[in-house]
Structures are given as C-alpha cells and as structure tokens.
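Novice: Build me a model from this:
(chains A and B)
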Amino acid sequence: MLDGQVVRILKVDLTAQSFTVEERHDLVDSLGGVGTGTRLLAESLDPESPPLDPRQPIVLSIGPLTTIFPLATKTAAVFRSPLTGEWGESYAGMRLAFALRFSGYDAVVITGRAARPVYLVLSPAGVRFEDGRGLWGLSVDDTGRLLREWEPGRGHRSIIRIGPAGERCVAFAGVNVDTFRHFGRLGLGALFGSKNLKALVVHGELSYPIKNLRAYREVYEDIYRRVVHTEIMRKYHGLGTPANVSILNGVGALPTRNLQASSFENAEAISGETFAEQRLMRKLACTGCPVGCIHVALLRRQFAPDHEYESVTLAYDYELIYALGSLLGIGNTDDVLRLIEKVELLGLDAITTGVLLAWATEACEKALLPPNELGVTLAFGHAEGYLAAIDNLVIQPNDLYQTLARGLAAAVRRYGGEDFALLLGGHEMAGYHTGYGFLLGHAVGARHSHLCNDGYGFDQRFKGQVVPEKLVEHLLTEECWRNVLNSLCVCLFARAVYDEATTVRALRSIGLDWDVDGLHKLGREILRLKVQLKQAMGFDYRKIRFSSRFFQTPAMGKKLRKDILDNLLDHYCRALDDLVRA
Amino acid sequence: MVTSVGRVLKVLNINRCISCYSCMLACARTVYKSFSLRKSAVQIRSRGGLQSRLQADICRGCEDAPCAAACPTGALLPRKGGGVVYLPAKCNGCRECVKACIVRVIAFDEEEARPIVCIQCGTCARFCPHEVLAMVEG
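Specialist: Alright, predicted model coming up:
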C-alpha cells in the first residue's frame, strides 16, 4: 500500500490451516482501513448464513498513513456482528496497526474454524498455526502473559486475544489489543471464539525507505507540532475522555440508573478529576501517537488482614465510567475499577455489559426476570451483585443468562421491558443523553455508535435546537468524512488535525495522489456499500424504534418528543435513499 | 543534521515515557531515511508487556568509545564530549563495532550492511513529548 500500487492481503483459512497472500491492484482506490475492509467483507460475507457460521470472515485492515504519521494508530475490524446480526465495525489502537504495517500486510482476512483451539503468529514469512489449548479458558491477562513468554519480539509486536467471554461466544465479547485497548463493540470476540481462535501475535520488522524525504518530513513535523505544541489535543491527554463525566453531568446528559435520570448525585466521586487526582498511575500511547490518552489507574485492595494488599492496573475512559458507573448507580472509583477489571479479564464489551445490567436491574424490580435463575441481587449502586452477574453472563448457567449473553435486544424479545431498554438501532447506547442528534445519529450510524456521525456533538453545539434538514445533512456529511478518516485509520481524536487539506498533503507527501473531491467521493461510496450490506443482512432503517425511556428523562434539561424524533428519522431515511441511489 | 557538540544523549525521565515511539520514528526518519522503527539507534521497549515499566536502550556516549577503538577502517571516530562520529564512506560492514559495544545497543542494518549507531544528534530528544530523553553536557 505504501507504494500506492498494490494492496497486500493475507488470507487465512483456519479450517485448512493454510494461508495465501494476494496482491490486489484493484483495491488501491479503496485507500485502506474501513474502505478496503468493507470491500473485502462484501467479497467474502455470506448474508444467508448466521454471524457465527465458520465461513463468515473477520477482516482487519490498516491505512496508508499507519504509524508513519502522528495518530495514524488504528486498525479497522469489519465483520458480521453476532450482537445485531448485521454490520460489525470496530477500531483498536495500541501496537496492532504498527505490527501489521511492518509485517507487510495491509489487510488480513480470516475464515473457517480450527478443529481445536489455536493461536496464530503473523510475520512477513506468513502464518504459523500454534496449539492454543494451553491458553483456552484463561483470562485476557493470563493469555497475554503466556504469549509474551512464548513468542519473540519484545516491545515491537502486538498480541491480541479473547477471554472466556469470546470462547463462549457471548454476543458482546470483545478482543483485547495489547492489554489496554480493545475491539470492544459488536462482538468480534465471539467470532474469534466461534473459530477456535484464541489470539493473534503479530511481529514484523520489515523496513520501507522514504522516497521523498523532504516532503514527508515537512508534513510529519507540521502535524507533530500541531499535536504536541498547540491546544488542539489537550483535552485528550489531560483528564482524557473522563472529563466528560463532569461536563455531561453539568448539562444534564449523563445517563444515570438506566437513564431514569440524566444527572448523578455522585458524579463528582467518579469524575475525570477524581480519577486523575486519586487513582491515575501513568499514561500510555498507541505506537506513533505523541498524545498519550490512555489513562491507567491503580486499583489497590486488601485481600487479608495484616496489611496484605494486591494491586492491578486498569485503563479507564469515559464510556466505561458511564456504563459501569453512573448507569448502574455506582458512585465511587474503586467499585467502577472492580467492574472494569471484571469485564477486562473476561473480555466483554463494557458498554453493552453496563447497559444490559442496568436494564436487568429494572426488569428485576418489575419482576420480569425469573428470580430463581437470576441467582444474584441486582440493585443500583451495589457492585457485588453486578460482579457476580457478569461472571454468569459468561458461564451461562441457565436459560436466563444464555439469553442475556445474546445481548439486550434478545433479552427484550424474551422478557419484554422494551420501554426501558436503552437500544439504538439494536445496539446498546453510548453515554450521551444530549438530544435528538445523539439518538438519531446513534440509531442510524452504520455501526450504531455515537462515533459514526457526531450527533452528540451537534446537540452540544446547537443546544438542542433542531432544524431537521440541518441535522440530517450534518449526520450524513460527518459519516462520509469519518469513513475517509477510518480508511486512513487515524484516531478520531485527531479529526481536528486531519482536516481535508492536511489529509491530502499527508497522502501526497508519501506519493499517493489523492485530492479532496476524491476523498469525499470515497467516503460516500463506502457508506453506500455499507448500507447495501446492512440491507442484505436484514437491517431496515424504517423499522428503527425508540424506547419511551428516551422521552421520559430530560436531555440537557429538555424533554424530547417522540413525534419529532420519528419525523427526523423519516427525513434521514429519505436523504439516505437519495445518497444510496445517486 | 546538526551534531550537538559537547553534549550527549541521556535518559532523564524514563518513568514519564508513554511508549509513543516518536523518538524512534524521528531517528529512523532523519538519520536512516526509513519508516522502520528498527532503523533507529534508540530503542524503547517494555520489560514485560505494557503493564510493566518501559526502558530506553540508548548509546551511553562513552568517552574513548570501545566501538571506535574496535573499528578497523576508521569509520567510527571518538567524538568530542563522548560517543562517536560515523563516516559511512569508510565503513566496510565488518560488525566489529556491534561486538564491541559494551551496552549492546549497536544493531546491524542487514539491508544497508552498516551499523545502526547513535551519532549524538539529539533528534530523538527533540521529538520526545515528555522530556524522557535529553541532550546534556557530558
């Protein structure tokens, strides 16, 4: 990809335990990341078979700027989601993108199912299939420790792995990347588990000469300077994303106790400020990012009398504090960290886990769940019950937990309670009750994430005022441009740095001849292809429904109206149809 | 690149390192004209995964450098203030310097058949966002 001539794809067949490397000229115009990933998924996806069918592919893809420009740190994962049954797309940082780049693969496509547990070692020489039985059943943490011992390449490799949740195909199991980052959302971990794939170790030391040193250095150093020596990135390395706890609580947008409220009386005790002052131990960065937004906390706990202590280190972010904190009524840092530790070790998505447990707490109060199967007491503010319930989501001892392990939409189909289920487009909601922009954006975004299209940013900038055309246009424009950024695989935190002009300059400095129009065209094409694939997998935008809870609890001090949101959805569907047909 | 006369590279604050590898990218880009982190005379590594502390393997800027003493062709010469000056035209790729380095930080570039050796230019320190690395008086 660096030469702009060819995209190198590593294709791995777990059933046959074989691999091939394809050099594809026709994919060069897909740029990389989600652009290349979407096309590769379209080629190998089987919309008629269920998400965990062995034939379904896992696609990992990096971009042309990966590692060699600041904050070009992400790897895109594209797959059919076992949680929603349709479009699956997730991003992770740390060292994976760097390791793939220097292994010489622009994308990896994994299909099939190994006869017994395996882990794969990817290098420029290809793929080594290793016996994974010694790792099966182990936590994310223990798996990482053993692979670090077993495989060479200390410091310059990436180790991605699943925990017991992925092995048991929990529909919202994630994949851990190098201890502190994740392919969190939409259940990639279950795909790994269903394929008997415990881990990937990626290690490559290829080198690439710089062709136009002067042009490259000039652009690199300009971006580096803006990232490090201006205020643009400050919010990400200061308090980090947890700064949002106080901000959103202050404006009445912090979902609390399953969104029975939008502010939390204990917000200060779990705020970014409190975490930073009392628990922050250090910060880390993804390879090639001088910002260092990864906030690592120290959780110290006494396990026996006589001052016997153990300590663990855990990365924390806003979404985790929301989902495992305010949404569950948990009002102290250490209980939030204990819950984070639990989802980390088992390898679960924190947001879906929190939203599911918040719903289960209310469903329990309303006697919708069989108490003999539940086996634990769920009550807002009490961590013990939640910790035990999370174990059960993975063990799945009975019908109730087997159902919950398929996610909130499946639980609602079985037990009811949709009027307080925080689902948007079938996906458990992120932590921004800011208004119509967030609700609509999250529901209609291709991967049903607030990050698809910035609806929550729109709400915060326009203070809840809504002109339907303006909102719809913003969502579509943002989603298309973010497809470009996600094809470059730059971190979305750097979206203010990688504006149109900078992006084109960066690409041209390494000899890739793109212009602004071409990038915008690509962004629209990617959205079109995603929409077609979503529809082929059974997603219907016009069947999106919004739970009544979203209208009961004020968003930024204002009650929302269902008829207005339904009208906005209708506007969006028509505009999307126009875009897809264009 | 400008050699920082009389000063040598030191690891001042390793506990502030965030493992962003900007220093390695800077060395590879500026000195070795490569995108590869391997082609960097500075190497940041974790000691046992990212839960552990990081370490920076750098040239110690020896006075009377053993690598220079071992060089049979005069490609490595002692530098005023510590460390070495590297003259690529004189290098025959014999690897004696790699063997001679007492802190084991000289790697060998198989493609270019030359050592990856620190020339004390300070570029890595300029691209460290946390003042982990710095050029100080020898």
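Novice: any idea which helix or strand comes after the helix or strand harbouring residue A:214?
Specialist: With elements taken from DSSP states H and E, the one containing residue A:214 is helix A:213-229. Scanning forward in sequence from helix A:213-229 by DSSP H and E, the next helix or strand is helix A:234-237.
Novice: Which strands or helices does the helix or strand following that following helix pack on?
Specialist: Scanning the chain past helix A:234-237 towards its C-terminal end, the next helix or strand to appear is helix A:243-251 (assignment: DSSP H and E). Contact here means 3 or more CB pairs under 8 Å, 6 or more residues apart in numbering or on different chains; DSSP states H and E; on that basis helix A:243-251 packs against helix A:272-278, helix A:318-324. Yep, even glycine has a C-beta here, placed from its N, CA and C like the rest.
Novice: Most tightly packed of these?
Specialist: Of all those, helix A:318-324 has the most neighbours on average by mean count of other CB atoms under 10 Å in any protein chain shown, namely a mean of 27.
Novice: So which residues lie in contact with that one, not counting its own?
Specialist: A:240-245, A:254-255, A:270, A:272, A:275, A:330, A:336, A:339-340, A:343, A:350-351, A:353-355, A:386, A:430-431 (CB atoms under 8 Å, 6 or more residues apart in numbering or on different chains).
Novice: I'd like the next helix or strand past the longest helix seen in chain B.
Specialist: Secondary structure assigned by DSSP state H gives helix B:22-30 as the longest helix of chain B. Towards the C-terminus, the helix or strand next in line after helix B:22-30, according to DSSP H and E, is strand B:43-46.
Novice: so residue A:421 sits right up against residue A:547, yeah?
Specialist: Yes. Counting by CB atoms under 8 Å, residue A:547 is a contact partner of residue A:421 at 5.4 Å.
Novice: These two: which has the busier surroundings?
Specialist: Of the pair residue A:421 and residue A:547, residue A:421 is the one with more neighbours under other CB atoms under 10 Å in any protein chain shown, namely 24 against 21.
Novice: and the closest residue in space to residue A:272 that isn't next to it in sequence, how many residues sit next to it?
Specialist: Using CB to CB, 6 or more residues apart in numbering or on different chains and skipping residues adjacent in sequence, the residue nearest residue A:272 is residue A:242, 3.2 Å away. Around residue A:242 there are 26 other residues, counting by other CB under 10 Å.
Novice: got a list of what residue A:242 touches?
Specialist: Contacts were defined as CB under 8 Å, 6+ apart; by that measure residue A:242 touches A:271-272, A:275-276, A:295, A:316-318, A:321.
Novice: Which segments of chain A make up each domain?
Specialist: Taking automatic domain parsing as the reference, chain A has its domains at A:7-203, A:237-407, A:427-581.
Novice: Can you add distance to residue A:228 and mean pLDDT and give those domains back as CSV?
Specialist: Formatted as CSV, the entries for these read as follows, by distance: least, CB to CB, whole Å; pLDDT from 0 to 100:
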stretch, distance to residue A:228, mean pLDDT
domain A:7-203, 8, 97
domain A:237-407, 5, 97
domain A:427-581, 11, 96
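Novice: Could I get the buried residue list for stretch A:414-431?
Specialist: In terms of neighbour count (16 or more other CB atoms under 10 Å in any protein chain shown), stretch A:414-431 has its buried residues at A:414-415, A:417-418, A:420-431.
Novice: Between the two ends of that stretch, what distance do you get?
Specialist: Start and end residues of stretch A:414-431 are separated by 25 Å (CA to CA, to the nearest Å).
Novice: Get me the contact residues on chain B for chain A.
Specialist: With CB under 8 Å from any CB of the partner chain as the criterion, chain B meets chain A at residues B:15, B:18-22, B:25, B:29-30, B:33-39, B:43-46, B:48-51, B:111, B:127, B:129-130.
Novice: try 7 Å
Specialist: Applying CB under 7 Å from any CB of the partner chain, one finds that chain B approaches chain A through B:18-22, B:25, B:29, B:33-39, B:44-46, B:48-51, B:111, B:127, B:129.
Novice: Take the buried residues of stretch A:414-431 and keep only those in strands.
Specialist: Here DSSP state E is the test, and the buried residues of stretch A:414-431 give A:423-424, A:427-428 as lying in strands.
Novice: So which of the residues you listed is the closest to chain B?
Specialist: Checking those against chain B by CB to the nearest CB gives residue A:428 as the nearest, at 27.8 Å.
Novice: Quick check, the closest one in contact with residue A:349.
Specialist: No. With contact defined as CB atoms under 7 Å, residue A:428 does not count as touching residue A:349 (8.2 Å).
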